[in-house]
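Asker: predicted model follows, preceded by the sequence.
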Amino acid sequence: MYDPVWKHPSTSSEAVSILTDSGSSARVIAGGTDLSVLIRNGSVRPDVLIDLGRVDELRFVRERDGETQIGALATHGEVAADARILTRAPVLAAACRSVGSPQIRARGTLAGNLANASPAADSAVALLALGASAVVEPPSGTAAAGSIPLDSLFLGPGETALRPNQLLRSLRFATPSERSRSAYCKIGQRKALAIAIVSLAAVFEPEAGTVSIALGSVAPTAVRATEAEALFASEWSAGGDRDRLLAAVAKKARDAANCIDDVRASGHYRMLLVEALTRRVLSEICH
């Protein structure tokens with residue numbers, strides 16, 4: 001019978017100390033909506049479970065000095081309902097609303113969702129489009145807390161750049177401007193409780209003439225369509241035929257998708273979806 005040892009730290013530094021002492025046999029648990037599934041199906045069986053439920057310092061959504069910060073214990077439901085997120089980063093609110101059921105959104109955390117490193121994670125796609133970074137806390141006595149850009153955090157399905165003795169403390173991104181426009185779009189096999197066949201997040205900054213585009217469920221990790229973004233930035237401010245430009249950007253986004261075949265859809269179908277969704281979403285937020 002599986003019977004792990006539970007630890008209940010009251011500070012983030014205490015949690016990191018337990019991680020360091022336990023090594024690879026320990027896993028951090030916050031909401032548990034992802035980890036409990038992995039434990040139940042036998043994918044992981046950690047000897048030690050470090051419950052962050054009492055680490056209140058990690059429970060926040062705030063803005064400081066032009067930066068939005070989200071603590072490791074902030075749930076999808078809390079982020080989706082936060083007035084600052086709804087006003088300045090609605091793409092993230094929309095992504096969080098699309099996660100699972102109301103019960104899952106009330107318990108599951110963004111940090112836990114990212115640590116699970118699913119290519120289909122809704123919040124990961126939105127955060128990637130926002131240029132977010134993961135703030136990590138290392139063991140005491142080592143270097144100060146640092147950050148890992150999200151496009152470097154994900155290494156593959158279920159695999160991140162986090163070391164066993166590092167704690168994902170929070171997420172941060174530059175707060176979009178007041179004039180920014182953004183959107184999140186997800187195609188699944190049903191309207192609710194669906195894993196994405198393709199998901200897309202885009203953030204448009206009119207004054208800068210830039211757009212960021214992130215794709216989910218098309219590759220081993222969520223990805224940024226950097227060449228599509230570069231094409232947009234090079235031509236948008238010059239004016240011209242913008243519908244033609246958006247069509248060309250959508251094709252570049254399709255090329256960025258290393259589309260996978262799985263039980264939900266073929267790679268070819270995903271490529272068609274990426275192009276169509278990119279053009280549709282950019283047409284909505286850029287005009």
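Answerer: Yep, that arrived.
Asker: which residues are in contact with the lowest-mean-pLDDT helix or strand in the chain?
Answerer: Lowest mean confidence among the helices and strands of the chain (mean pLDDT, DSSP states H and E): helix 35-40, at a mean of 86. Helix 35-40 is contacted by residues Tyr2, Arg27, Ile29, Val44, Arg45, Pro46, Gly112, Asn116 when judged by CB atoms under 8 Å, 6 or more residues apart in numbering. For every residue, glycine as well, the C-beta is placed using N, CA and C.
Asker: most neighbours among these, please name it.
Answerer: Gly112 (24 neighbours; other CB atoms under 10 Å).
Asker: residues near Gly23, how many?
Answerer: 11.
Asker: distance of it relative to Arg169?
Answerer: Taking CB to CB, to the nearest Å as the measure, Gly23 falls 20 Å from Arg169.
Asker: ok so, going back, beyond the least confident helix or strand of the chain, next helix or strand please.
Answerer: The first helix or strand that comes after helix 35-40 along the chain, using DSSP states H and E, is strand 48-51.
Asker: identify each buried residue in that next one, please.
Answerer: Buried positions in strand 48-51, judged by neighbour count with 16 or more other CB atoms under 10 Å: Val48, Leu49, Ile50.
Asker: next, format those as JSON lines and append pLDDT and distance to Met271.
Answerer: Listed next are the buried residues of strand 48-51 as JSON lines, based on pLDDT from 0 to 100; distance: CB to CB, whole Å:
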{"residue": "Val48", "pLDDT": "93", "distance to Met271": "43"}
{"residue": "Leu49", "pLDDT": "94", "distance to Met271": "40"}
{"residue": "Ile50", "pLDDT": "94", "distance to Met271": "41"}
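Asker: in TSV: the residues you listed, plus distance to Ser147.
Answerer: TSV is the format used below for the buried residues of strand 48-51 (distance: CB to CB, whole Å):
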residue	distance to Ser147
Val48	26
Leu49	26
Ile50	21
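Asker: pretty sure Arg254 belongs to a helix, no?
Answerer: Yes - counting by DSSP: H, G, I helix; E, B strand; the rest coil, Arg254 is found in a helix.
Asker: give me the neighbour count for it.
Answerer: When neighbours are counted by other CB under 10 Å, Arg254 registers 23.
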